[in-house]
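# My questions concern the predicted model and sequence given below.
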Amino acid sequence: MSNQPSENPINRPVTTKYTASQLSKFLIPTILGILLFLTPVSVDGKFTITIALLIDYINTVIKPMMVPATAAAAIIPTIFTLIVSYSPLKNSSSAFIKLFNPGTGWVILRVIGAVLMAMTYFQVGPEWVWHRNTGGVMLYDVGPVVIAIYFLSAVLLPLLTDYGLMEFVGSLLAKVFEKCFRLPGRAAIDCTASWLSASSVGIILTTQQYKEGYYSSREACTIATNFSIVSIAYSYLLLSLIGMKGYFIEWYLSVVVTGIICAIVVPKLPPLRNKAHQYNPEVGRQLNTDKLEGESAFATGLRLAVERADNASSVFTLIKRGILVSVDLIITIYPAMMVIGCTGLAVIEFTNVFQTLSLPLVPYLQLLQLPEAELAATALLAGLVDSIMPTLLGASIESEVTRFVLAGVAVTQIIYFTEVAIVLVRAKIGLNLLDLLAIYVLRVVISLPILAFFGHWLVG
């Protein structure tokens with residue numbers, strides 16, 4: 001498909017009237033999507049969103065089975081992967097069967113992850129594998145909470161992406177996002193979906209938009225690594241774990257400012273600066289945001305939104321696609337999560353490797369006048385394994401300023417290898433592990449002085 005518009009939009013007449021059917025196809029799914037993903041609601045004095053309530057409800061209902069389900073999500077699909085990959089089924093044209101034929105590298109990763117999961121579940125083999133602070137964290141703490149997130153997000157995200165909301169908002173915010181971040185306005189939806197629900201939601205949304213031709217590789221890489229921040233609810237959890245929840249409002253405003261600065265600076269540096277401004281070669285560029293002569297930004301957004309809703313696939317097709325996306329994520333993430341998480345946490349728990357590797361951070365933290373710099377440096381580097389690690393390891397630090405900064409970096413770093421990194425590499429939007437490691441370092445280095453300033457100002 002050509003990346004050039006097929007017609008000159010200036011010569012087209014401006015459409016100002018739409019039928020009730022056209023408007024309802026845009027408005028009804030859009031309103032449902034906004035209510036589910038983007039509308040804060042107060043429950044017991046705390047703000048959350050409807051999709052988070054649904055996720056919590058599902059997790060509560062299946063709580064007795066969550067740990068076995070986590071183990072099964074890593075083990076059973078791996079068995080099917082071995083069967084499909086080494087039998088005539090590997091030649092099947094079925095999209096579902098293809099999920100179990102990921103290629104030799106991913107087959108090996110799934111097998112190793114499944115073995116580690118089985119060892120952790122049954123507590124057999126070396127203790128470093130199944131210890132409560134290593135494989136146990138993956139099995140009991142991380143794995144169970146993301147099943148419902150992946151499934152509901154993948155199935156319900158079309159309410160945000162396929163019925164015109166992104167086109168409408170993209171038109172209204174195009175100038176703001178172009179000037180500030182050099183991104184299309186529709187990226188605002190990715191950002192909001194992440195901040196109000198979960199980073200995985202934003203990443204899934206971004207990768208789907210790239211695959212459908214709405215973002216270039218550079219845009220998708222930039223959005224996924226700079227706007228897919230953990231949710232407000234999860235941010236509150238991190239601050240609570242480190243004993244600083246009394247500063248939530250001040251702290252979160254600091255995180256927002258830091259995140260905006262990182263989103264402006266990091267894309268201007270390698271590796272994001274070097275990413276190709278090319279669209280998915282399978283579909284080319286589909287989005288045409290050209291305004292018609294005499295058309296306002298609102299009218300352009302409405303026109304594009306109505307056109308998008310008119311061309312949306314059937315509900316059955318969208319649900320089927322969402323289920324395939326969620327299954328692909330789950331059967332890929334869980335084994336890989338065990339390999340990276342279990343190994344990384346074992347290194348933290350049973351060796352001094354992270355303490356040694358974090359030594360270069362100590363002078364930097366001391367320069368920023370952060371007390372207990374040695375402990376803080378280890379906690380910061382451990383965040384590369386999982387975003388919860390800086391708050392778990394930093395909870396024993398006495399300095400409130402240091403804990404304030406650690407919790408902030410845990411949110412603004414975005415990249416961590418038990419989940420986000422795996423999803424991004426698997427998405428094939430143009431990022432590899434070295435890219436993600438470099439982006440992680442940049443975000444941490446840039447975030448530290450900003451958060452340290454706010455920490456000394458607000459807490460010190």
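Thanks, I have the structure now. Numbers count the residues shown, from 1 in each chain.
# Quick one: mean pLDDT for the helix or strand harbouring residue 449?
Here residue 449, judged by DSSP states H and E, is contained in helix 433-458. Per-residue pLDDT over helix 433-458 has a mean of 96.
# roughly how far is it from the heart of the chain?
18 Å (Cα atoms, centre = their mean, to the nearest Å).
# try stretch 114-132
Using Cα atoms, centre = their mean, the offset of stretch 114-132 from its chain centre is 27 Å.
# and the strand or helix carrying residue 113, what other elements does it pack with?
Assigned by DSSP H and E, residue 113 belongs to helix 104-122. On a contact count with 3 or more Cβ pairs under 8 Å, 6 or more residues apart in numbering; DSSP states H and E, helix 104-122 meets helix 66-85, helix 127-130, helix 135-136, helix 315-350. C-beta here means a position set from N, CA and C on the backbone, and glycine is covered the same way.
# Could you pull out the buried residues of the last one?
By neighbour count, and taking 16 or more other Cβ atoms under 10 Å as the criterion, the buried residues in helix 315-350 are 318, 321-322, 325-348.
# Could you tell me which ranges of the protein sit under the pLDDT cut-off?
1-16, 46-48, 193, 195-198, 231-233, 284-291 (pLDDT under 70).
# mind checking how far residue 166 is from residue 426?
The gap separating residue 166 from residue 426 is 23 Å, by Cβ to Cβ, to the nearest Å.
# of those two, who's got more company?
residue 166 (28 against 16; other Cβ atoms under 10 Å).
# so the more buried one makes contact with residue 208?
No. Residue 166 is beyond contact range of residue 208, at 10.7 Å (criterion: Cβ atoms under 8 Å).
# Could I get the phi/psi values of residue 368?
phi -80, psi 10 (degrees, to the nearest 10).
# ok, and the closest non-adjacent residue to it?
residue 452 (4.1 Å; Cβ to Cβ, 6 or more residues apart in numbering).
# count of neighbours near that neighbour?
23.
# Might you report the residue contacts of it?
Listed by Cβ atoms under 8 Å, 6 or more residues apart in numbering, the contact set of residue 452 reads 368, 369, 370, 401, 405.
# Can you flag the buried ones in those residues?
Here, 16+ other Cβ under 10 Å leaves 368, 370, 401, 405 buried among the contacts of residue 452.
# and residue 42, which of the three is it?
Of the three states, residue 42 takes strand under DSSP: H, G, I helix; E, B strand; the rest coil.
# how deep is it tucked in, by neighbour count?
Neighbour number of residue 42 under other Cβ under 10 Å is 8.
# Could you tell me how far it is located from residue 50?
For residue 42, the distance to residue 50 - Cβ to Cβ - is 12 Å.
# same deal with residue 72?
28 Å.
# So for the two, which residue has more residues nearby?
When residue 72 and residue 50 are compared on other Cβ under 10 Å, the one with more neighbours turns out to be residue 50, at 18 against 14.
# Which residue, other than its chain neighbours, is closest to that one?
Using Cβ to Cβ, 6+ apart, the closest residue to residue 50 is residue 36 (4.9 Å).
# Burial check on that neighbour, number of neighbours?
Neighbour tally, residue 36, other Cβ under 10 Å: 21.
# That one is in contact with residue 159, isn't it?
Yes. Contact criterion Cβ under 8 Å: residue 36 and residue 159 qualify, at 6.6 Å.
# Could I get the full set of strands for the protein?
40-43, 46-49 (DSSP state E).
# what's around the closest residue to residue 431 other than its chain neighbours, how many residues?
The shortest distance from residue 431 to any non-neighbouring residue, by Cβ to Cβ, 6+ apart, is to residue 424 (5.0 Å). Neighbourhood size, residue 424 [other Cβ under 10 Å]: 27.
# Now do the contacts for residue 424.
203, 207, 224, 225, 431, 436.
# Of those, which is the nearest to residue 389?
residue 436 (16.4 Å; Cβ to Cβ).
# Neighbours of that closest one, how many?
Residues near residue 436, counting by other Cβ under 10 Å: 24.
# Quickly note the distance from residue 384 to residue 356.
In terms of Cβ to Cβ, residue 384 sits 14 Å off from residue 356.
# From residue 30, how far out is the residue nearest to residue 50?
The separation that residue 36 has from residue 30, given Cβ to Cβ, amounts to 11 Å.
# Could you pull out the residues contacting both of these two?
What both residue 36 and residue 30 touch, as defined by Cβ under 8 Å, 6+ apart, is the set residue 159.
# Now do the helices in the stretch 251-400 of the chain.
For the stretch 251-400 of the chain, applying DSSP state H, counting those that start in this stretch gives helices covering 297-310, 315-350, 353-357, 361-367, 373-382, 389-394, 400-412.
# what's near enough to touch the residue nearest to residue 50?
49, 50, 51, 54, 156, 159.
# Which among those residues count as buried?
49, 50, 51, 156, 159.
# and of these, the nearest to residue 362?
residue 49 (39.3 Å).
# my guess is the closest one meets residue 38, correct?
Yes. Residue 49 is within contact range of residue 38, at 7.1 Å (criterion: Cβ under 8 Å).
# Now do the same contact list for the closest residue to residue 208 other than its chain neighbours.
Among residues not flanking residue 208 along the chain, residue 161 sits closest, at 6.4 Å (Cβ to Cβ, 6+ apart). Residues near residue 161 by Cβ under 8 Å, 6+ apart: 189, 205, 208, 209.
# do residue 194 as well
Contacts of residue 194 (Cβ under 8 Å, 6+ apart): 201, 202, 203, 227, 228, 229, 230, 231.
# got a winner among those residues for most neighbours?
residue 202 (30 neighbours).
# do you know how far the residue lying closest to that one once chain neighbours are set aside is from residue 153?
Closest residue to residue 202 in three dimensions, ignoring its sequence neighbours and counting by Cβ to Cβ, 6+ apart: residue 194, at 3.0 Å. Separation of residue 194 from residue 153 (Cβ to Cβ) stands at 11 Å.
# For these two, list the residues in contact with both.
Common neighbours of residue 194 and residue 153 (Cβ under 8 Å, 6+ apart) are residue 201.
# That's all I had, so thanks and see you.
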